[in-house]
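Q: Provided below are the primary sequence and the corresponding predicted coordinates.
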Amino acid sequence: MSRDIHVKICGLSTAETLASAVAFGARYVGFVFFAKSPRNVALPLAATLAASVPEGVCKVALTVNADDVTLDHLIDTVPLDMLQLHGAEDPDRVAQIRTRFGLPVMKAVGVAHESDLPALLDYQQVADQILVDAKPPRHAELPGGNGLAFDWRLIAGRRWPVPWMLAGGLTPNNVGEAIAMTGARQVDVSSGVESAPGVKDSSQIRTFLAATSAYAI
Ligand SMILES: O=C(O)c1ccccc1NCC(=O)[C@H](O)[C@H](O)COP(=O)(O)O
């Protein structure tokens, strides 16, 4: 098992910032396929970007309640290593997607209160990984990528049987505290390494990755 913190940089949409994420040590790179998102990337561009990602870096497609036709076209067009399901997909749908498309699946689960935690157990029965993310505000446009953190004390010391990733409002300045408080060995960031919504910043990506390196064990 790797001793480093594994970092996912999500919502990449340019060759320059993708190359920076890879160069500075990201273990996962995420491409958003959700039209309302400022990080949404068109399939032809995503195919070109993904083709440039070296072996060993996990190419993650992020979708929200996508149907099978959409997923079929996505997977036929873009070379991918993992699907991240960030909508209201229930455990049965997660299992169905995993079986039908044959790719590892990471299911995002929104956390705001203690009452949100049981869902983490339900999804761990069917997903390969769990993304423990901040629950979006009731009227949020986006189900994720909102730059909002949840109370990390809610999951402090908890351990789950499948690999999990901490997300939500992480920045170069708070990721160390988040890792120390939760024991996370994988973290995910989007807004926290942007100069504007959807505009990734290579310098902030570098700083974020450097901030996690202090927590290798
Ligand atoms: O990032 C988006 O625009 C997005 C849009 C729709 C659904 C999910 C989205 N992002 C999911 C992610 O995995 C984000 O990295 C995660 O929610 C953390 O985002 P942030 O709080 O901005 O770091």
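A: Nice, I can see it.

Q: drop to CA atoms for contacts and neighbour counts, all remaining ones
A: OK.

Q: who in the chain is up against the ligand?
A: Proximity of the chain to the ligand (Cα under 6 Å from any ligand atom) is limited to residues 10-11, 34, 37, 39, 86, 133, 142-148, 167-170, 188-192.

Q: from those, which ones fall inside strands?
A: 10, 133, 188-189 (DSSP state E).

Q: for the helix or strand of the chain with the lowest mean pLDDT, buried residues please.
A: The helix or strand of the chain with the poorest confidence is helix 118-124; it has a mean of 94 (mean pLDDT, DSSP states H and E). Neighbour-count burial for helix 118-124 flags 120, 123-124 (criterion: 16 or more other Cα atoms under 10 Å).

Q: one more: stretch 28-47?
A: 28-34, 37-41, 43, 46-47.

Q: now swap in stretch 10-20 and tell me
A: Buried residues in stretch 10-20 (16+ other Cα under 10 Å): 10-15, 17-20.

Q: same question for stretch 172-183.
A: Result for stretch 172-183 [16+ other Cα under 10 Å]: buried residues 172, 175-176, 178-179, 182-183.

Q: list the contacts of the helix or strand harbouring Leu209.
A: Using DSSP states H and E, Leu209 sits in helix 202-213. Helix 202-213 has contacts (Cα atoms under 8 Å, 6 or more residues apart in numbering) with 4-5, 7, 9, 16-17, 20-21, 24-26, 171-173, 175-176, 192-194.

Q: mind doing that once more with 10 Å?
A: With Cα atoms under 10 Å, 6 or more residues apart in numbering as the test, helix 202-213 has contacts from 3-9, 16-26, 170-176, 179, 185-187, 189-190, 192-195.
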